[in-house]
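Asker: here is my input, please return the structure:
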Amino acid sequence: MGLIIAGDRSGVGKTTITLALLASLREQGVSVQSFKVGPDYIDPMFHTYITGRSCRNLDPVLTSPEWVQTCYSHHQQTADCAVVEGVMGLFDGLPYNCHPDDRFFGSTAHVAKLLNLPVMLVLDCGRMSNSVAAIAHGFKTFDPSIPLAGIVLNRVGSDRHQEYLEAALEPLNLPILGVFPRQTQITIPDRHLGLIPTAELPQLNQILDRLAHLGKHHFNWQTLQQFLKVPLSKGDLGGSHKIPPSPNHKPKVRLAIAQDPAFSFYYADNLDILENLGVELVPWSPIGDRTLPPKIDGLYFGGGFPEMFAEQLTENQAARRAIYHAILAGLPTYAECGGLMVLCQSLTTFAGKTWEMVGILPSHVTMEKKLTLGYRQGTVLHDSPLVVAGTTLQGHEFHRSQLTPPFPTGEGAALPLFQLKGYDRHRLPVSEGWQIYNLHASYLHLHWGDRPDIPRRFVQKMLAIREGIR
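Answerer: Prediction:
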């Protein structure tokens, strides 16, 4: 059996409660497979660091409801229990009219229904007492098909405050699964795109030790045990997709993957799919390594924070030259968001300092206050090493950078990759992404779980280039 941790809205402490639970279970010697609802990259890094298992994203918008079921069913089988961290508020998903069959499509509530899992609802009680009952009652009755396992009272000010809250909730007959005091001793620092990734937090172990202590003393473990014991049934949830087994043969191609503090946004399932297709992933650092790995057949730049390491990227001139000439020579390359940024001419940071980048794309990147955020439907305009013109796919944008000039219009060597439109209907179709040489560069984050044709085409392209077929 598993448990979903949700909030009534963003900012209620959902991630802190999730990490406290994971850290406490680790101390007890319990193996946990964790999951994260939505497209987020950073929260899963913390899950993975604690559990020692790759956290999996469950996103029915980027993939499909069937993939969500298959992914959960497959990965929870080898753990004692499963914990799913939700996204935003419990019912917050796509805009109301996007999916008439499910008005909460993509939300934590949607995933709870797909997986038939109970929900532990986290409430920020810092500025209320009796009103907590109205909120809890609303979430309990709004959609009775979603079972509430209980609630966690977070940011409780005192013993007397706790008494008021418990008295208000008593008529609802909702189990209280935890009471966490208001505290300032445990803070995970953040910046413009969320929490600071694990690789940049030297004090992370101390933070997790405090979280484990907090969870040990403030969860209602006696009640939680019924949700966190060894799964009673590990059968298929009904997803029609099958995750292929790992290859038992030698890898067909070698793919250099940028992995350092500047480039760390990768979906675990995407990497698994590549390896299942016979790809050897060869990690390297555009910050620290002066050359590309030897005998590679392709390059993969994920998202991340190149703007925070722009000076180091600029100073590594040898690596920038190696990237430039490899792409110019036709090496198949996939660059996503942060990867796109580093391939431009220059990058101007929030502080206004401009740093030279690889220079293969004829645009300059500027960091701005404006946040570009949301799911996108992308229609492919021109073939790339990963996609075929005319196909439609789902992606996600999340960045505070802008390009000058923006994406190409189709004139010259560089071609636009996508025509994008947003689910909120306020974003008019716009051209986005670059296709030049054998480079696919875009702000669009893609999850390949429901689209194995994308990585398969990438592998085929790498094999063709190796064999001299253009």
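Asker: thought V253 was touching L463, still the case?
Answerer: Yes: contact criterion C-beta atoms under 8 Å: L463 and V253 qualify, at 6.1 Å. In this view, the C-beta of every residue, glycine as well, is placed from N, C-alpha and C.
Asker: which neighbours do the two share?
Answerer: Common neighbours of L463 and V253, using C-beta atoms under 8 Å, 6 or more residues apart in numbering, are D297.
Asker: send me whichever helix or strand M462 is part of as PDB with only the CA atoms.
Answerer: Element membership for M462 (DSSP states H and E) is helix 453-466. What follows is helix 453-466, C-alpha atoms only, in PDB (Å, rounded to 0.1, in the frame of the first residue of the first chain):
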ATOM      1  CA  ASP A 453       9.500   6.800 -30.500                       C
ATOM      2  CA  ILE A 454      11.400   9.900 -29.500                       C
ATOM      3  CA  PRO A 455      14.500   8.200 -27.800                       C
ATOM      4  CA  ARG A 456      14.300   5.400 -30.300                       C
ATOM      5  CA  ARG A 457      14.700   7.900 -33.200                       C
ATOM      6  CA  PHE A 458      17.600   9.600 -31.300                       C
ATOM      7  CA  VAL A 459      19.400   6.200 -31.000                       C
ATOM      8  CA  GLN A 460      18.800   5.400 -34.600                       C
ATOM      9  CA  LYS A 461      20.300   8.800 -35.600                       C
ATOM     10  CA  MET A 462      23.400   8.200 -33.500                       C
ATOM     11  CA  LEU A 463      23.800   4.800 -35.100                       C
ATOM     12  CA  ALA A 464      23.300   6.200 -38.600                       C
ATOM     13  CA  ILE A 465      25.900   9.000 -38.100                       C
ATOM     14  CA  ARG A 466      28.400   6.500 -36.700                       C
END
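Asker: which strands or helices does it pack on?
Answerer: Applying 3 or more C-beta pairs under 8 Å, 6 or more residues apart in numbering; DSSP states H and E, one finds that helix 453-466 contacts strand 253-258, helix 268-276, strand 298-301.
Asker: sorry, back to before: L463 and V253: which is more packed in?
Answerer: V253 (22 against 16; other C-beta atoms under 10 Å).
Asker: confidence score at the more buried one?
Answerer: The model reports V253 with a pLDDT of 95.
Asker: what sits closest to it if chain neighbours are left out?
Answerer: D297 (4.1 Å; C-beta to C-beta, 6 or more residues apart in numbering).
Asker: also I436?
Answerer: A414 (4.4 Å).
Asker: tell me, how many residues neighbour that neighbour?
Answerer: Based on other C-beta under 10 Å, the number of other residues close to A414 is 21.
Asker: R254 too?
Answerer: 17.
Asker: now do P294
Answerer: P294: 8 neighbours (other C-beta under 10 Å).
Asker: and what of the one 10 residues further on?
Answerer: For G304, the tally of surrounding residues (other C-beta under 10 Å) stands at 27.
Asker: check the gap between it and L371 for me.
Answerer: G304 is 17 Å from L371, where distance means C-beta to C-beta, to the nearest Å.
Asker: contacts for stretch 443-450 next, please.
Answerer: Residues contacting stretch 443-450 (C-beta under 8 Å, 6+ apart): 39, 57, 59, 62-64, 66-67, 71, 241, 265, 267, 269-270, 273, 303, 336-337, 340, 372, 376, 378, 393, 395-399, 418, 420, 432-433, 454-455.
Asker: which among those residues count as buried?
Answerer: 39, 57, 59, 62-64, 66-67, 71, 241, 265, 267, 269-270, 273, 303, 336-337, 340, 376, 378, 393, 395-399, 418, 420, 432-433, 454-455 (16 or more other C-beta atoms under 10 Å).
Asker: so of those residues, which ones are in helices?
Answerer: 66-67, 71, 269-270, 273, 340, 454-455 (DSSP state H).
Asker: could you dump stretch 137-151 to PDB, C-alpha only?
Answerer: Taking C-alpha atoms only, stretch 137-151 is exported to PDB below (Å, rounded to 0.1, in the frame of the first residue of the first chain):
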ATOM      1  CA  HIS A 137     -14.500  19.300   5.800                       C
ATOM      2  CA  GLY A 138     -14.400  20.800   2.300                       C
ATOM      3  CA  PHE A 139     -11.600  18.600   1.200                       C
ATOM      4  CA  LYS A 140     -13.200  15.500   2.700                       C
ATOM      5  CA  THR A 141     -16.500  16.100   1.000                       C
ATOM      6  CA  PHE A 142     -15.600  17.900  -2.300                       C
ATOM      7  CA  ASP A 143     -14.900  14.600  -4.000                       C
ATOM      8  CA  PRO A 144     -15.900  11.600  -1.900                       C
ATOM      9  CA  SER A 145     -14.200   9.200  -4.400                       C
ATOM     10  CA  ILE A 146     -10.800  10.300  -3.000                       C
ATOM     11  CA  PRO A 147     -10.200   8.800   0.400                       C
ATOM     12  CA  LEU A 148      -8.500  11.000   3.000                       C
ATOM     13  CA  ALA A 149      -6.200   8.900   5.200                       C
ATOM     14  CA  GLY A 150      -6.000  11.800   7.600                       C
ATOM     15  CA  ILE A 151      -4.500  15.200   8.000                       C
END
